[in-house]
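Novice: Next one to model:
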Amino acid sequence: MRNSVSVPTAVAACRAALPHLPDGRGRIVNIGAAGATRAAAGMGAYAASKSGVARLTEAMAEEFKDRGITVNAVLPSILDTPANRSEMPGADPARWVSPDALAQVIAFLLSDAAAPINGALIPVKGRV
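Specialist: Below is the predicted model of the structure:
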């Protein structure tokens with residue numbers, strides 16, 4: 001069973017950012033994982049941790065909406081990184097999410113165009 005420190009890390013990052021976010025335009029994008037929506041065998045602690053990030057995102061979205069600060073999360077599946085390629089040599093990384101693709105989704109959520117999106121948990125799953 002893998003363990004994760006996702007929730008304390010997200011809380012610390014949000015606490016650090018909030019005093020610097022302007023009312024009406026502030027944006028927070030938490031990084032969760034697809035495991036937050038469905039756990040696999042042997043992934044209980046990991047899925048629970050990522051679910052915590054999702055619930056934190058939803059709660060913060062409600063808490064800060066009157067300040068005009070949006071809080072959303074991306075839930076990527078497997079990222080195409082050297083570490084993941086090494087750990088899963090038989091897998092097809094073309095099906096995974098590239099870091100650039102994930103960055104584009106995050107950039108959109110940080111943009112003014114995403115102002116009406118708040119409390120969303122965005123799956124970024126590639127073809128996994």
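Novice: tell me which element the residue nearest to G32 when sequence neighbours are not counted falls in.
Specialist: What sits nearest to G32 in space, not counting adjacent residues and going by Cβ to Cβ, 6 or more residues apart in numbering, is V53, at 4.2 Å. No exception for glycine: its C-beta is placed from N, CA and C like everyone else's. Under the criterion of DSSP states H and E, V53 resides in helix 44-64.
Novice: so how far is that helix from its chain's centroid?
Specialist: In terms of Cα atoms, centre = their mean, to the nearest Å, the centre of helix 44-64 is found 9 Å from the chain centre.
Novice: Moving C-terminal from it, which element do we reach first?
Specialist: strand 70-76.
Novice: Contacts for whichever helix or strand comes after that next one next, please.
Specialist: The element immediately downstream of strand 70-76 (helix or strand, assigned by DSSP H and E) is helix 82-87. Outside helix 82-87, the residues that touch it by Cβ atoms under 8 Å, 6 or more residues apart in numbering are 78, 91, 93, 96.
Novice: let's see it at 10 Å
Specialist: By Cβ atoms under 10 Å, 6 or more residues apart in numbering, the list of residues contacting helix 82-87 from outside reads 78, 81, 91, 93, 96.
Novice: residues near the first one, how many?
Specialist: It stands for I78. As a burial measure, I78 scores 19 neighbours (other Cβ atoms under 10 Å).
Novice: need the contact list for it.
Specialist: Residues near I78 by Cβ under 10 Å, 6+ apart: 33-34, 84-85, 87-88, 91, 93, 95-97, 125-126, 128.
Novice: so which of the residues you listed is the most crowded?
Specialist: Highest neighbour count within these, by other Cβ under 10 Å: A33, with 25 neighbours.
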